[in-house]
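> how would this look folded up:
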Amino acid sequence: MPEGAPVVLLISADPRASHRANEALRIGLGVAAGDNQILVVLAGPAARLLDADTDELVDGDDIAKYRANLQALGVPFHVEQTAIPDDPGWNAAGHEVVPVTSGRIAELVRRGRRFLAF
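Next up is the predicted model:
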C-alpha cells in the first residue's frame with residue numbers, strides 16, 4: 001500500500017447496545033489527530049452514531065464530543081447507504097456524510113494502509 005493510503009476505521013457495532021462504537025470513535029480520533037489520513041466508515045446500525053439524541057446511545061456524551069472533534073478535523077463519515085435512517089433528527093449536527101454501497105466499503109478497506117474493525 002502507498003504511504004499516503006488512509007487508515008480505514010470500519011464501525012458496525014450498534015451504539016445503542018454496545019460501548020464498542022464509542023471506543024471505535026475514540027480510537028479513530030486518536031489516529032486522525034496524528035499524521036494519519038483516516039476514513040471513518042459506518043455500516044449497519046453504526047449509522048446511529050450520528051443520531052442527534054445521544055441519550056439513547058451507550059456513552060452518548062462521549063460520542064457527541066468525539067463526533068465534534070472529528071468534524072473539526074474535517075473527517076467525513078462514509079455511511080452505508082442502506083443504513084441511513086429516514087429520521088429527520090439523524091445527523092442534525094451536519095457532519096459531512098458520504099453515502100457508500102457495501103461494494104464501495106469493501107473497496108475502501110482494500111485500498112487502506114491499515115484497517116480497524118469494530
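> Which stretches in this protein count as strands?
7-11, 38-42, 77-80, 97-100, 114-117 (DSSP state E).
> Just say which of those is most tucked in.
Mean neighbour count (mean count of other CB atoms under 10 Å) peaks for strand 38-42 among the strands of the chain, with a mean of 25. (C-beta placed from N, C-alpha, C; glycine too.)
> Contact partners for A21?
For A21, the residues meeting the contact criterion (CB atoms under 8 Å, 6 or more residues apart in numbering) are I11, A13, D14, P15, A46, L49, L57, V58, I63, F118.
> Pull up the gap between it and A106, please.
According to CB to CB, to the nearest Å, A21 and A106 sit 20 Å apart.
> okay, the strands of the chain in a markdown table with distance to D53 and mean pLDDT next?
Output for these, formatted as a markdown table (distance: least, CB to CB, whole Å; pLDDT from 0 to 100):
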| stretch | distance to D53 | mean pLDDT |
| --- | --- | --- |
| strand 7-11 | 19 | 97 |
| strand 38-42 | 17 | 97 |
| strand 77-80 | 17 | 98 |
| strand 97-100 | 17 | 98 |
| strand 114-117 | 26 | 93 |
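> Reformat those strands as TSV; add distance to D86.
Written out in TSV, the entries for the strands of the chain read as follows (distance: least, CB to CB, whole Å):
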stretch	distance to D86
strand 7-11	21
strand 38-42	16
strand 77-80	13
strand 97-100	14
strand 114-117	27
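> tally of neighbours for the closest residue to V58 other than its chain neighbours?
On the basis of CB to CB, 6 or more residues apart in numbering, the spatially nearest residue to V58 that is not a chain neighbour turns out to be H19, at 5.0 Å. Other residues near H19 come to 15 when the count uses other CB atoms under 10 Å.
> same deal with I63?
When counting by other CB under 10 Å, one arrives at 22 neighbours for I63.
> In contact with it: list those residues for me.
I63 makes contact with P15, A21, N22, L25, L49, T54, L57, according to CB under 8 Å, 6+ apart.
> What of F115?
Contacts of F115 by CB under 8 Å, 6+ apart are V7, V8, L9, L10, V109.
> check contacts around the spatially most central residue of the chain.
By CA atoms, centre = their mean, the mean C-alpha position of the chain lies nearest to V40, the distance being 4.1 Å. Under the criterion of CB under 8 Å, 6+ apart, the neighbours of V40 are L9, I11, L25, G28, L70, V75, P76, F77, H78.
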